[in-house]
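Asks: following is a predicted model, sequence given first.
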Amino acid sequence: MDFEFSAEQLQLRNEARRYLADKCPTTVPRAVLEGAGSYDKGLWQGLAEMGFLGAAIPEEYGGLGLGYLELCVIAEELGRAIAPVPVSSSIFLVAEILKAAGTEAQKQAWLPRLASGEVIGTLAAIEGMGGGRPSTLKAQVSGGVLTGDKSPVLDGDIASLAVVLARHAPGRDEAGLSLYLVDLSGPGIERTVLDTIDPSRSQASLSFKGAKAERIGAEGEGWRLYEEALDRAAILTGFEQIGGADRALEMARDYALQRFAFGRAIGSFQAIKHMLADMYVSATLARSNGYFGAYALSTGSADLGEAAATVRVSATKAFQHCAKNNIQVHGGMGFTWAMDCHLFYRRSNLLALTLGGQNEWEDKLIDRLRAKNAA
């Protein structure tokens with residue numbers, strides 16, 4: 001079985017890489033870090049005009065009507081460029097939930113605006129530390145009105161549309177949870193920006209005080225739809241992490257060949273060779289798992305849950321490993337603000353927690369493998 005991308009998909013990758021190399025050098029995320037904004041508006045609009053935001057959105061809803069493989073290709077290039085834009089929140093999560101569970105009216109209302117970049121979406125599910133389990137969720141909807149708090153919410157300070165996981169019935173089980181669309185430009189919403197390790201992908205706390213909410217999907221299906229959305233996003237985010245890991249490895253390799261000490265390139269020293277080899281192994285393993293995840297996602301395979309957890313675990317480890325060792329290869333200079341190493345280290349740690357922590361996904365992988373074996 002051939003898991004390589006097709007010639008057309010590789011052409012899309014090259015086009016995305018050229019565009020991001022021109023429009024998103026490391027000066028762009030640096031400018032966001034050093035400025036007052038939470039993302040680069042020019043880059044965001046440019047990605048929309050190139051059709052990248054709508055790659056996997058059907059043509060009848062304003063997208064290109066391509067597929068998940070093409071979206072994986074684009075995600076990888078965004079990761080290489082550590083692009084300071086809310087693609088994962090708006091496209092990997094909200095657009096995917098709308099495609100999977102939205103009514104025709106909801107799709108017509110929101111998907112074209114997500115594809116064009118006019119609307120930025122976010123998923124609001126977690127409620128603080130340990131607040132990601134059904135038994136701990138307290139936000140509730142009654143009579144179409146939402147009350148409660150969600151924190152942290154990725155890109156919550158800039159989003160204009162939220163998909164919120166909330167209770168429609170009292171209790172602590174999954175059956176009382178549903179998903180709701182909330183227009184964040186309406187009344188009854190307060191936002192507080194949170195400090196994070198990577199301000200170029202901002203997070204916020206959202207407080208809903210009587211905000212209007214419209215259910216998406218069947219009542220009581222919120223937790224299932226949320227979990228399925230996380231699985232799809234884990235694979236897409238995994239490619240973003242793979243792209244970041246590869247770029248960190250390239251930076252370390254290039255520096256090791258250019259930096260001389262004791263009359264020779266530091267890349268000739270065995271300690272550096274071993275470090276680079278370990279980085280290559282972790283990045284290659286993540287890519288291998290990523291290809292299987294892309295296959296499962298694009299075909300709707302029964303192995304999607306297992307593949308998603310595998311990609312999530314391996315890609316998270318690879319990006320963190322490569323970003324950390326990139327700093328080590330650069331030595332004392334690698335720790336300074338002047339070098340670009342910290343940009344990848346920041347992003348690797350932020351993405352490691354975006355969809356739930358590493359331990360959570362390792363537990364999911366074990367549980368799913370056990371269930372598969374039992375069956």
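Replies: Yep, it's here. Numbering: from 1, shown residues only.
Asks: contact partners for E219?
Replies: Listed by C-beta atoms under 8 Å, 6 or more residues apart in numbering, the contact partners of E219 are H168, S178. Using the backbone N, CA and C atoms, a C-beta is placed for each residue, glycine as well.
Asks: phi, psi of it?
Replies: The phi and psi values for E219, taken as degrees, to the nearest 10, are phi -60, psi 130.
Asks: how near is it to G210?
Replies: For E219, the distance to G210 (C-beta to C-beta, to the nearest Å) stands at 21 Å.
Asks: repeat for Y180
Replies: According to C-beta to C-beta, Y180 stands 13 Å off from G210.
Asks: the more surrounded of these two?
Replies: Under the neighbour definition other C-beta atoms under 10 Å, Y180 and G210 were set side by side, and Y180 has more, 24 against 11.
Asks: confirm that one sits in a strand?
Replies: Yes - the assignment for Y180 is a strand, going by DSSP: H, G, I helix; E, B strand; the rest coil.
Asks: what's opposite it in the beta bridge?
Replies: When assigned by DSSP bridges, Y180 has beta-bridge partners V164, R215.
Asks: how distant is the lowest-mean-pLDDT helix or strand in the chain from the center of its chain?
Replies: Every helix and strand in the chain was compared by mean pLDDT, DSSP states H and E; the lowest is strand 260-261, with a mean of 91. Here the centre of mass of C-alpha atoms in strand 260-261, compared against the chain's by C-alpha atoms, centre = their mean, to the nearest Å, lies 38 Å away.
Asks: mind splitting the protein into its structural domains?
Replies: Annotated domains of the chain cover 7-115, 121-219, 223-374 [automatic domain parsing].
Asks: test my guess that M50 contacts R18.
Replies: No - taking contacts as C-beta atoms under 8 Å, M50 lies outside contact range of R18: 10.7 Å.
Asks: of those two, who's got more company?
Replies: More crowded of M50 and R18, by other C-beta under 10 Å: M50, with 17 against 11.
Asks: quick check: closest non-adjacent residue to the more buried one.
Replies: Leaving aside its sequence neighbours, M50 sits nearest to Y19 (C-beta to C-beta, 6 or more residues apart in numbering; 6.1 Å).
Asks: do the same with V87
Replies: Sequence neighbours aside, L78 is the residue nearest to V87 in space, at 5.9 Å (criterion: C-beta to C-beta, 6+ apart).
Asks: follow-up on the earlier one: the residue nearest to M50: what secondary structure?
Replies: Three-state call for Y19 (three-state DSSP): helix.
Asks: now do the helices in the stretch 101-250 of the chain.
Replies: With helices called from DSSP state H, counting those that start in this stretch, the stretch 101-250 of the chain shows them at 104-115, 222-258.
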